[in-house]
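Peer 1: Predicted structure and sequence below. I'll ask about it afterward.
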Amino acid sequence: MIGGPLLLIAAPLVAAVITFPLRRFVSLTALIAALVPLAAAVWALQAPFDEPQAILGRTIALDNGDRIGIAYLFIVSAAIAVGVWRSSPGWSYYPIVLVILGVLAAAFIIRPPPNEVYPSFIYSALFMTIASALAVFPLQGGKPGVAGSVLRFITLTTLALPALLMADWTLGQFIQSPDSSEIAQASIALVALGFALLLAVAPFHTWLPAVSSEAPPLSTAFVLNVLLGAGWILLLDVLNGNRLISGSPDTPALLRGAGLLMAALGGLLAWAQRDFGRLLGYGALADMGVSLFAIGIGSTAGLAAAFVGVIGRSIGTGLMCMGMALARERHGDDSFTTLRGSVWHLPWASLAIVVGGLSLAGFPPLAGFAGRWGIVQEAIAVDPRAAVALLASGVSVALGVLRGLREMLYAPLAVDGLPPHERRSEVILIAAALALCLFVGLFPGALAPFVREFVAAYAFVGGSR
């Protein structure tokens, strides 16, 4: 069924063309931007895709791991589109985001002609770079002051492209010289550099707290969960398709080391922040590090826990960003000082910020807990000290959130006129997100069928420890 994979590319692109002339009708464009990706996600999960086929010399294929990954990206995008509806998006938000989804789908569906040794990821790297460049528009949100942090984001993510292209080339050279240890080491180093840039691995993480502090919060949620989520799935595809890389004893050590560094650095800096924007950036850095460490464990249970953690992170960051969007709209920023006493006049926004932040920290019984706890259990068998560090990272992020909560619980500062209030539609959206966060935290088994199918698609991981 060639039309199946191609439909996942075409549907969001067609929706982008439709929403552009309707951009003044925000409710209608939000509805289209939510329903089209949601319908495409259902199609990706249920449609029976045939064997890979060729169109115009290009291979069109979609395996189980990418199928579920694309469905995840589309569902998260649909949820964010609904949240953006009540946060005064710029005219370009919905069309650009839909184009980005089509480009990301192409990154996993359109492939170069296959060879006998390894599947090339050159097209995936190109499409990922295009998607990152397009993300500049929703991140800037029509605010010139955001240009500095967005420029840092696009610079670092774009630099991943030459590294990944060179890695693809050296892997091609390895076909001619399969006994060359120099080529093998160069390939692993280039892949590591490319994904370190693409996934904001320290020290290439500096755009994370800057963007999360300055860009529109829900645009930040889109980048953290959709763009970086796509990069995470691409990393798994590269590991799964290149035994030279995944079979090297250096690769698990690199993944665990990078993940531990991200978790430790994010946790160390998160608790000391004085605004929720930067706290979100460092909390996301720490949580992404935990997931990267889980991949380096090399077990099916570790990968399953990492995928559950990615889902939990999308819920936690989305909820936190919804609250931050309302706080910034009412008060201008989300610093602890500005939000002093906000619990009393913005209770739902304050609750969204705190619950989302605690979920990001892996606090029970919220959505982020199941994945974090599963990864810690797997880490104990590999390195008990690392498991303690991963736990401490989550505790540090939680302490930062609680410091902000303490300010929000104080008596509100005197203001002229009536205090800002929350609209009914905003309360309903936040309440629905809170219910989802609690449901996933209490019943993570509901995700089991999708998690099992996703993990089964990646043969490079070993058995459960």
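Peer 2: Sure thing, it's come through.
Peer 1: which residues in the stretch 351-465 of the chain form helices?
Peer 2: 367-382, 384-409, 424-442, 448-456 (DSSP state H, counting those that start in this stretch).
Peer 1: mind checking which of those is nearest residue 98?
Peer 2: Among those, helix 424-442 comes nearest to residue 98, with 20.4 Å by Cβ to Cβ. No exception for glycine: its C-beta is placed from N, CA and C like everyone else's.
Peer 1: Next, the buried residues of the closest one.
Peer 2: Buried residues in helix 424-442, counted by 16 or more other Cβ atoms under 10 Å: 426, 429-430, 433-434, 437-438, 440-441.
Peer 1: okay if I get these as TSV plus pLDDT and distance to residue 151?
Peer 2: Below are these laid out as TSV (pLDDT from 0 to 100; distance: Cβ to Cβ, whole Å):
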residue	pLDDT	distance to residue 151
426	88	32
429	92	32
430	94	32
433	95	31
434	96	35
437	96	33
438	96	38
440	95	35
441	94	37
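Peer 1: Out of the residues you listed, name the two that are farthest from one another.
Peer 2: Taking Cβ to Cβ, no two of these sit farther apart than 426 and 441, at 22.7 Å.
Peer 1: now, of the helices of the stretch 351-465 of the chain, which is deepest in the fold?
Peer 2: Across the helices of the stretch 351-465 of the chain, averaging neighbours per residue (mean count of other Cβ atoms under 10 Å) puts helix 367-382 on top, at a mean of 23.
Peer 1: so for that one, what's the average pLDDT?
Peer 2: On average, the pLDDT along helix 367-382 is 94.
Peer 1: For residue 275, grab phi and psi.
Peer 2: Residue 275 adopts backbone torsions of phi -150, psi 150, taken as degrees, to the nearest 10.
Peer 1: Contact partners for the residue lying closest to it once chain neighbours are set aside?
Peer 2: Leaving aside its sequence neighbours, residue 275 sits nearest to residue 335 (Cβ to Cβ, 6 or more residues apart in numbering; 4.0 Å). Neighbouring residues of residue 335 by Cβ atoms under 8 Å, 6 or more residues apart in numbering: 274-276.
Peer 1: Compare those and tell me which has the most neighbours.
Peer 2: residue 276 (31 neighbours; other Cβ atoms under 10 Å).
Peer 1: is it true that it touches residue 321?
Peer 2: No - Residue 276 lies out of contact with residue 321 (Cβ atoms under 8 Å); the separation is 9.5 Å.
Peer 1: and residue 296, what does it touch?
Peer 2: By Cβ under 8 Å, 6+ apart, the residues touching residue 296 are 251-259.
Peer 1: how does it look with 10 Å?
Peer 2: 251-260, 302, 306, 379, 382, 386 (Cβ atoms under 10 Å, 6 or more residues apart in numbering).
Peer 1: I figured residue 75 was touching residue 43, is that so?
Peer 2: No - using Cβ atoms under 10 Å, residue 75 makes no contact with residue 43, being 11.9 Å away.
Peer 1: hey, which helix or strand in this protein has the poorest pLDDT?
Peer 2: Least confident helix or strand, the chain: strand 53-55 with a mean of 68, by mean pLDDT, DSSP states H and E.
Peer 1: Identify each buried residue in the next helix or strand after that strand, please.
Peer 2: The element immediately downstream of strand 53-55 (helix or strand, assigned by DSSP states H and E) is strand 58-60. Neighbour counts over strand 58-60 (16+ other Cβ under 10 Å) mark 59-60 as buried.
Peer 1: Show me what strand 58-60 is packed against.
Peer 2: helix 3-19, strand 53-55, helix 93-109, strand 110-111 (3 or more Cβ pairs under 10 Å, 6 or more residues apart in numbering; DSSP states H and E).
Peer 1: Make JSON lines from the ones you listed and add mean neighbour count and distance to residue 316 to it.
Peer 2: Formatted as JSON lines, the helices and strands packed on strand 58-60 follow (neighbours: other Cβ atoms under 10 Å; distance: least, Cβ to Cβ, whole Å):
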{"stretch": "helix 3-19", "mean neighbour count": "20", "distance to residue 316": "25"}
{"stretch": "strand 53-55", "mean neighbour count": "12", "distance to residue 316": "39"}
{"stretch": "helix 93-109", "mean neighbour count": "26", "distance to residue 316": "20"}
{"stretch": "strand 110-111", "mean neighbour count": "20", "distance to residue 316": "32"}
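Peer 1: Out of these, which is closest to residue 214?
Peer 2: Taking the helices and strands packed on strand 58-60 one by one with Cβ to Cβ, helix 93-109 is closest: 16.4 Å.
Peer 1: pLDDT weak spots in the stretch 351-465 of the chain?
Peer 2: Within the stretch 351-465 of the chain, the stretches with pLDDT under 70 are 413-419, 462-465.
Peer 1: swap the cut-off to 90 and go again
Peer 2: 410-426, 457, 459-465 (pLDDT under 90).
Peer 1: okay, and the common contacts of residue 276 and residue 321?
Peer 2: Shared contacts of residue 276 and residue 321, defined by Cβ under 10 Å, 6+ apart, comprise 212, 217, 353, 356.
Peer 1: quick one, what contacts the last one?
Peer 2: Residue 356 makes contacts with 221, 276, 280, 283, 315-324, 366-368, 401, 430, 433-434, 437, as judged by Cβ under 10 Å, 6+ apart.
Peer 1: Tabulate the helices of the stretch 351-465 of the chain in a markdown table, adding columns for distance to residue 290.
Peer 2: Below are those laid out as a markdown table (distance: least, Cβ to Cβ, whole Å):
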| stretch | distance to residue 290 |
| --- | --- |
| helix 367-382 | 6 |
| helix 384-409 | 5 |
| helix 424-442 | 16 |
| helix 448-456 | 16 |
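Peer 1: Can you classify residue 23 as helix, strand or coil?
Peer 2: coil (DSSP: H, G, I helix; E, B strand; the rest coil).
Peer 1: In this model residue 95 seems to touch it, though I could be wrong.
Peer 2: Yes - between residue 23 and residue 95 a contact is recorded at 6.9 Å, counting by Cβ under 10 Å.
Peer 1: Identify the contacts common to the two.
Peer 2: residue 29.
Peer 1: Tell me the one among the shared contacts of residue 276 and residue 321 nearest to residue 397.
Peer 2: Comparing the shared contacts of residue 276 and residue 321 against residue 397 with Cβ to Cβ places residue 356 closest, at 11.3 Å.
Peer 1: Apart from its neighbours in sequence, what residue is nearest the closest one?
Peer 2: That would be residue 320: by Cβ to Cβ, 6+ apart, it lies 2.9 Å from residue 356.
Peer 1: ditto for residue 365
Peer 2: Leaving aside its chain neighbours, residue 365 sits nearest to residue 441 (4.4 Å; criterion: Cβ to Cβ, 6+ apart).
Peer 1: Then residue 98?
Peer 2: Leaving aside its sequence neighbours, residue 98 is closest to residue 16 (3.7 Å, by Cβ to Cβ, 6+ apart).
Peer 1: so who does that neighbour touch?
Peer 2: 32-33, 36, 94-102.
Peer 1: now swap in residue 325 and tell me
Peer 2: Taking Cβ under 10 Å, 6+ apart as the test, what residue 325 contacts is 83-84, 86-89, 216-221, 334, 349, 352, 426.
Peer 1: From residue 199, how far off is residue 317?
Peer 2: For residue 317, the distance to residue 199 (Cβ to Cβ, to the nearest Å) stands at 15 Å.
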